[in-house]
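In: Curious how this folds, go ahead:
(one chain, ligands or ions: 1)
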Amino acid sequence: METEDRIRELAEEFVAQAQARVTRLQAELVDAHQRIEKIKAELDAARQAPQRLANFQVKRDGDYQCPKCGILHGVQAAMTGSPGEHRLGRFQCDTCRFDMDVRH
Ligand SMILES: [Zn+2]
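Out: Numbers count the residues shown, from 1 in each chain. Presented below is the predicted three-dimensional model:
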């Protein structure tokens, strides 16, 4: 009888361990699904990059457009220019804050 009790006791311990894993694994599964969705979105954007370049307008309504927003997100976003140092002009995107220097 002692042997049977010990086996049952160990079996119940395995159940307790499994139940503890269920919660952790469910959380990991949610994280994995979120990661998959993020990767799919990034992959989709990367695949669209050449087409976005074809549609990208460098200048629109008199404003230079952000290349990062245009290619990575498929949106036109104006950049604001400001004087830079050493014959450089600086432009910053009003939307994503991407900035770049341009030689005059
Ligand atoms: Zn931008």
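
In: Spatially central residue for the protein, please.
Out: Lys38 (5.8 Å; CA atoms, centre = their mean).

In: which stretch of helix or strand covers that one?
Out: helix 2-55 (DSSP states H and E).

In: cool, and Gln92?
Out: strand 88-93.

In: Identify each buried residue in that strand, please.
Out: 91, 93 (16 or more other CB atoms under 10 Å). C-beta here means a position set from N, CA and C on the backbone, and glycine is covered the same way.

In: what about that strand, distance to the chain center?
Out: 25 Å (CA atoms, centre = their mean, to the nearest Å).

In: Can you name the element that comes right after it?
Out: For strand 88-93, the following helix or strand on the C-terminal side (DSSP H and E) is strand 99-103.

In: for the ion, what are the nearby residues on this structure?
Out: Contact residues (CB under 5 Å from the ion) of the chain with the ion: 66, 68-69, 77, 93, 95-96, 98.

In: what about the protein, any weak spots by pLDDT?
Out: Applying pLDDT under 70 to the chain picks out residues 84-87.

In: Name the strands paired with the helix or strand immediately after the helix holding Lys38 in the chain and say parallel or antiparallel.
Out: Using DSSP H and E, the next helix or strand after helix 2-55 towards the C-terminus is strand 59-60. Note on strand 59-60: by DSSP bridges, its sheet partners are strand 63-64 (antiparallel).

In: which outside residues touch the strand it pairs with?
Out: 58, 78-79, 81, 91 (CB atoms under 8 Å, 6 or more residues apart in numbering).

In: With that, I have no additional questions.
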